[in-house]
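Novice: Show me the folded form of this:
(one chain, ligands or ions: 1)
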Amino acid sequence: MFEVRNLSKVYNSGVINKASLKAVDDVTFSVDRGETVGIIGESGCGKTSLAKMVLKLLKISSGSMYLNGEDVSSIRGEKLKSYRRKVQIIFQNPESSINPHMKIYDCIAEVLRINKLASRKSEDEKALIYQLISMVGLQQEHLNRYSWELSGGQIQRVALSRVLALKPELLVADEPTSMLDVSVQAQVLTLLRSMQREQGFAMLFISHDLDVVRVMCDRVIVMFMGKIVESGTVDQVFSHPCHNYTKSLLEEYECLR
Ligand SMILES: Nc1ncnc2c1ncn2[C@@H]1O[C@H](COP(=O)(O)OP(=O)(O)OP(=O)(O)O)[C@@H](O)[C@H]1O
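Specialist: Residues are numbered from 1 along each chain as shown. Prediction:
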């Protein structure tokens with residue numbers, strides 16, 4: 001469904017003393033419809049750079065990406081617009097994707113209007129918005145509030161309702177619950193899984209939290225200094241890690257349990 005082949009990202013810096021850093025180094029993997037692939041690794045190993053390339057927010061230095069078999073590495077114009085609708089992200093910090101000056105109703109309506117998902121007849125739009133918020137467990141009274149009048153978990157639900165509206169083919173979840181209270185984390189993760197079951201999208205799940213990865217993912221990719229050093233099913237990687245870095249990551253995890 002979605003595939004990256006030999007993807008790399010090199011950052012160049014310095015005007016006089018030119019320096020370059022290979023943040024993502026020759027990464028190849030795929031994720032299928034309905035499948036969740038976890039991406040784990042220490043801070044600075046290149047997870048976000050990889051996610052940004054997948055989202056086409058960052059230019060790739062080399063390699064290629066395919067969605068449903070089509071090479072999307074250098075698409076532009078209408079094709080890029082359509083790709084951006086099919087590939088969505090849920091951020092760590094949901095506030096960053098919700099305009100604090102708009103009521104929640106308008107934040108959701110904005111997505112429907114930009115993507116022409118409901119006729120502008122207010123009744124059609126309202127019906128779809130009511131349906132979306134009920135799918136993510138919010139009530140109609142929340143629609144009349146601003147994001148700063150909601151809890152972190154409720155804002156993440158609003159962000160999810162906007163993603164649901166677009167029926168994405170691939171969802172990149174970048175630490176989607178790390179800013180939430182532990183009690184709310186489980187609710188949001190359960191919601192994410194039920195959304196995936198309903199809509200069937202593929203998911204790339206970036207997380208530092210190995211417990212969450214264990215519960216959410218089918219397969220896992222371990223990154224170290226920009227490279228994939230290990231990958232496999234969650235059971236394989238957690239029970240029989242091969243690479244020294246994965247072993248130390250899991251030892252640390254076992255100590256904290
Ligand atoms: N715009 C940039 N210009 C130069 N270097 C960058 C840029 N963005 C990231 N880097 C560097 O690339 C490397 C990978 O960064 P990246 O943010 O992809 O890592 P990460 O695994 O997502 O880290 P974290 O878990 O802390 O978010 C780091 O060394 C970082 O300093």
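
Novice: OK, contacts around Ile133?
Specialist: Ile133 makes contact with Ile108, Gln139, Gln140, His142, Leu143, Arg157, Val158, Ser161, according to CB atoms under 8 Å, 6 or more residues apart in numbering. C-betas here are computed from N, CA, C, even on glycine.

Novice: Checking it next. Helix, strand or coil?
Specialist: Under DSSP: H, G, I helix; E, B strand; the rest coil, the three-state class of Ile133 is helix.

Novice: shaky segments in the stretch 1-150 of the chain?
Specialist: By pLDDT under 70, the low-scoring segments of the stretch 1-150 of the chain are 16-17, 120-121.

Novice: from the contacts of Ile133, which ones fall inside helices?
Specialist: With DSSP state H as the criterion, helices contain Ile108, Arg157, Val158, Ser161 from among those.

Novice: Touching, the first one and Val163? I think so.
Specialist: No: checked against CB atoms under 8 Å, the pair Ile108 and Val163 is beyond contact range at 10.7 Å.

Novice: Between the two, tell me which one has more neighbours.
Specialist: Each of Ile108 and Val163 has its neighbours counted (other CB atoms under 10 Å); Ile108 has more, 26 against 22.

Novice: which one of the ones in helices among the contacts of Ile133 is nearest Gly232?
Specialist: Distance ranking of the ones in helices among the contacts of Ile133 against Gly232, using CB to CB, places Arg157 first at 32.4 Å.

Novice: List only those of the contacts of Ile133 flagged as buried.
Specialist: Taking 16 or more other CB atoms under 10 Å as the criterion, what is buried in the contacts of Ile133 is Ile108, His142, Leu143, Arg157, Val158, Ser161.

Novice: Of the residues you listed, which pair is most distant in space?
Specialist: Put simply, by CB to CB the two of the buried ones among the contacts of Ile133 set farthest apart are Leu143 and Arg157, 12.0 Å from each other.

Novice: Please enumerate residues in contact with the longest helix that the chain contains?
Specialist: If you go by DSSP H, the chain has its longest helix at helix 182-199. Residues outside helix 182-199 that contact it (CB under 8 Å, 6+ apart): 34, 36, 90, 135-137, 151-153, 156-157, 160, 163-164, 167-168, 171, 173, 176-177, 180, 201, 203, 212, 215-216.

Novice: now, which of these lie within helices?
Specialist: Under the assignment DSSP H, those contribute Met135, Gly152, Gly153, Gln156, Arg157, Leu160, Val163, Leu164, Val212, Val215, Met216 to helices.

Novice: Torsion angles phi and psi at the spatially closest residue to the second one that is not a sequence neighbour?
Specialist: When the adjacent residues along the chain are set aside, Gly152 lies closest to Leu180, with 5.1 Å between them (CB to CB, 6 or more residues apart in numbering). Leu180 adopts backbone torsions of phi -100, psi 160, taken as degrees, to the nearest 10.

Novice: show me the contacts for Leu180.
Specialist: By CB under 8 Å, 6+ apart, the contact list for Leu180 reads Gly152, Gly153, Gln156, Val188.
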